[in-house]
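Engineer: Would you be able to build a 3D model of this:
(one chain, ligands or ions: 1)
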Amino acid sequence: MTSYDERLAAFVGRTLSEGTRAQDPVNVPMIRHWVEAMGDPSPVHLSEEAARATGRDGVVAPATMVQAWTMRGYARTVDPAPAAGGFAELVALLDEGGYTSVVATDSELDFVRELVPGDEISVDEVVSDISPEKKTGLGVGRFVTTLKTYRDADGAVVATQRWRTLRFKPAEAPAPQEPAALRPRPAINLDNQFWFDAAREHRLVIQRCASCGRLRHPPGPQCPACQSFEWDTVDAAGGATLYSFTVAHHPRHPAFDYPLVIAVVELDEGTRLIANLAGIEPEDVTIGMRLELDWLDADPDLTLPIFRRATSEED
Ligand SMILES: [Zn+2]
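Structural biologist: Numbers count the residues shown, from 1 in each chain. From the prediction side, this is the model:
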C-alpha cells in the first residue's frame with residue numbers, strides 16, 4: 001500500500017499529453033483577433049510591409065500567443081469531452097485528495113523561433129513538480145508544475161512553457177451574509193476629511209473661520225467673508241429646523257430605504273446641510289418643523305448625520 005504522497009510523487013516526470021495538435025495552422029485572422037483583444041500595437045503581426053522592414057520574411061504571430069494555438073477554445077464548451085490519459089489520471093488523484101479546485105498561478109515561456117502563418121503546432125506536457133501541501137489564501141493545496149513543449153510540423157521545438165497551477169481544497173465558505181449594498185461614497189478630500197472623521201465619532205462639526213469667526217458648510221479651504229485660510233471647528237448642539245426637503249422615488253438604490261426624504265436642515269448654529277430624515281412619513285414632513293440629530297453608521301467606513309422629528313417640541 002503506497003501512501004497518497006507517493007502516488008502523487010509517481011506522477012513527476014510522467015507525460016500527461018503528447019502531440020496534441022493545434023486545431024488550425026497559425027493564421028492571420030486569429031492573430032488579428034489576439035492583437036485587437038490585447039491591444040498589441042506592433043505592426044509586424046499584421047503588416048507584411050512593416051514586418052519585412054524589420055528583416056523578417058513576413059508577418060509573425062505574437063510570441064505569447066503560442067499557448068492559444070493548441071487550446072480547444074469554444075469547442076470545449078459545446079463538447080466537454082473528459083480529459084484523457086495521464087492528465088485525467090492526475091486530476092482524479094488530486095480530486096481524491098480533496099484538491100478539487102484549480103487556479104493558474106504563473107507561466108514562464110521560452111521562445112525558440114517566431115511562428116508564421118502556416119505553422120502547424122503541437123504540444124507535449126510533462127509533469128515537472130508537485131509541491132507538498134501548502135497553505136494559501138484560497139485554501140490548502142499543491143502547486144502542480146508542468147513543462148509544455150511546443151513543436152512545429154518538423155518536430156523542432158518552437159517554445160517551452162513552465163506552467164504552474166494551484167490545485168486546492170476550497171476554503172470553508174464564510175457564513176452567508178446579506179450582500180451589503182454600500183451607499184455611494186462621498187468625495188472625501190483634504191478639505192473635508194475632518195468632517196467625515198468627526199462624523200465617525202458621532203460629532204457633527206461646523207467649520208469656523210479662525211480669523212473672523214464665521215461658520216461655514218460645506219467645508220472649504222478659505223473663508224468666503226475674510227479670505228482667511230485659518231480655521232477650526234465647533235461641535236453642533238444637534239438642534240435644527242427643516243429648511244426644505246424633497247422625496248426621492250426613482251431611481252432606487254439598494255443602499256437606501258424608501259420613501260427617502262432628503263432634507264436641507266438648518267442647524268441652530270446657522271449653517272445648513274443636506275441629510276436624510278428618518279422615522280417620519282413624507283406626508284408628515286413640514287417645512288419649519290423642529291428636528292434633532294441622530295447618526296447613521298451606514299457601513300464600516302461611512303457614518304452620516306440624519307435627522308428625526310424633535311421629541312421635545314419647544315417652540
Ligand atoms: Zn473669516
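Engineer: so where does A104 fall, helix or strand?
Structural biologist: Using DSSP states H and E, A104 sits in strand 101-111.
Engineer: downstream neighbour of that strand in the secondary structure list?
Structural biologist: strand 122-130.
Engineer: Rounded mean pLDDT for whatever helix or strand comes next after that next one, please.
Structural biologist: Using DSSP H and E, the helix or strand that follows strand 122-130 in sequence is strand 134-136. For strand 134-136, mean pLDDT rounds to 86.
Engineer: Parallel or antiparallel, list what pairs with strand 134-136.
Structural biologist: Strand 134-136 has the following sheet partners, assigned by DSSP bridges: strand 139-151 (antiparallel).
Engineer: and the angle from the strand it pairs with to strand 122-130?
Structural biologist: Angle of strand 139-151 versus strand 122-130, following axes from the mean of the first three to the mean of the last three CA atoms, to 10 degrees, is 150 degrees.
Engineer: Show me what stretch 262-279 is in contact with.
Structural biologist: 204, 206, 215-218, 234, 236-237, 239-248, 260-261, 285, 291, 294, 296, 304-309 (CB atoms under 8 Å, 6 or more residues apart in numbering). Every C-beta, even on glycine, is put in place using the N, C-alpha and C of the backbone.
Engineer: Quick one: low-confidence residue ranges for this structure.
Structural biologist: 1, 76-84, 173-180, 313-315 (pLDDT under 70).
Engineer: Need the three-state assignment for the residue of the stretch 51-200 of the chain found nearest the ion.
Structural biologist: Nearest residue of the stretch 51-200 of the chain to the ion: D191, at 15.4 Å (CB to the ion). With DSSP: H, G, I helix; E, B strand; the rest coil as the basis, the three-state label of D191 is coil.
Engineer: in what helix or strand does the closest residue in space to it that isn't next to it in sequence lie?
Structural biologist: With CB to CB, 6 or more residues apart in numbering as the criterion, D191 has its nearest non-adjacent residue at 5.1 Å, and that residue is P221. Assigned by DSSP H and E, P221 falls within no helix or strand.
Engineer: Near the ion, which residues of the protein are found?
Structural biologist: Selection of the chain residues close to the ion by CB under 5 Å from the ion yields 209, 211-212, 214, 223, 225-226, 228.
Engineer: In strands only, show me these.
Structural biologist: In this view, the residues of the chain next to the ion that belong to strands under DSSP state E are C209.
Engineer: Restrict the residues of the chain next to the ion to the buried ones and give me that as a PyMOL selection.
Structural biologist: Selection of buried members from these for PyMOL, criterion 16 or more other CB atoms under 10 Å:
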select buried, resi 209+214+223
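Engineer: one step back: quick one: contacts of the strand holding A104?
Structural biologist: Contacts to strand 101-111, defined as CB under 8 Å, 6+ apart, come from residues 63-64, 66-67, 138-139, 141, 143, 158-170.
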